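Asker: Need coordinates for the below:
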Amino acid sequence: MASPREIQAAVYAAAGARDWDKVESLLHPDFVLYEADCLPFAGEWRGKDALQRCAAAMYGTWAEAKVDIHDITGGDTHAVTVLTLTMTPKGGGETFSQTVCEMGEFEDGLMKSLKIHYFDAEEVSRKANS
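Answerer: Down below sits the predicted model:
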């Protein structure tokens, strides 16, 4: 069985390629993605298509958004991705970056949840609404 780190890396690779069928094959039936309440794409996104729906909402918030993955680490039940998210507001504001850690929780060889932790979610919210 693949490790949480390997599964999380596969989820990111498939999502980056927009291979949503592959992403869904790696997600638990009870999958939940959590975004901070202050964000325009806030809340609990549930279901095997949650990652696709949340990605569309997140990318739709910005004129441009780029993800740079730095590292993925993990143990027996969790994996964490460290990345930089660089965003340009739709209103023509200045491009900015945030360090983000995304923690995946795994059950039965599938990603059961993904919790997104921004360095400063309030800044992301302010700039999204500027």
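
Asker: need the strands for the chain, in chain order.
Answerer: For the chain, applying DSSP state E gives strands covering 27-35, 43-46, 62-74, 78-89, 96-107, 110-118.

Asker: Format those as CSV; extra columns: mean pLDDT.
Answerer: Shown next, in CSV, are the strands of the chain (pLDDT from 0 to 100):
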stretch, mean pLDDT
strand 27-35, 97
strand 43-46, 97
strand 62-74, 95
strand 78-89, 96
strand 96-107, 96
strand 110-118, 97
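
Asker: Reformat these as a markdown table; add mean neighbour count and distance to S130.
Answerer: No exception for glycine: its C-beta is placed from N, CA and C like everyone else's. Compiled in a markdown table, these are given as follows (neighbours: other CB atoms under 10 Å; distance: least, CB to CB, whole Å):
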| stretch | mean neighbour count | distance to S130 |
| --- | --- | --- |
| strand 27-35 | 18 | 19 |
| strand 43-46 | 15 | 21 |
| strand 62-74 | 14 | 11 |
| strand 78-89 | 18 | 6 |
| strand 96-107 | 17 | 10 |
| strand 110-118 | 19 | 16 |
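
Asker: Which one of those strands lies nearest to A10?
Answerer: A10 sits nearest to strand 110-118 of all the strands of the chain, at 9.3 Å, using CB to CB.

Asker: starting at the chain centroid, how far to the closest one?
Answerer: Relative to its chain's centre, strand 110-118 lies at 7 Å (CA atoms, centre = their mean, to the nearest Å).

Asker: okay, the angle between that strand and strand 27-35?
Answerer: Computed by axes from the mean of the first three to the mean of the last three CA atoms, to 10 degrees, the angle separating strand 110-118 from strand 27-35 equals 10 degrees.
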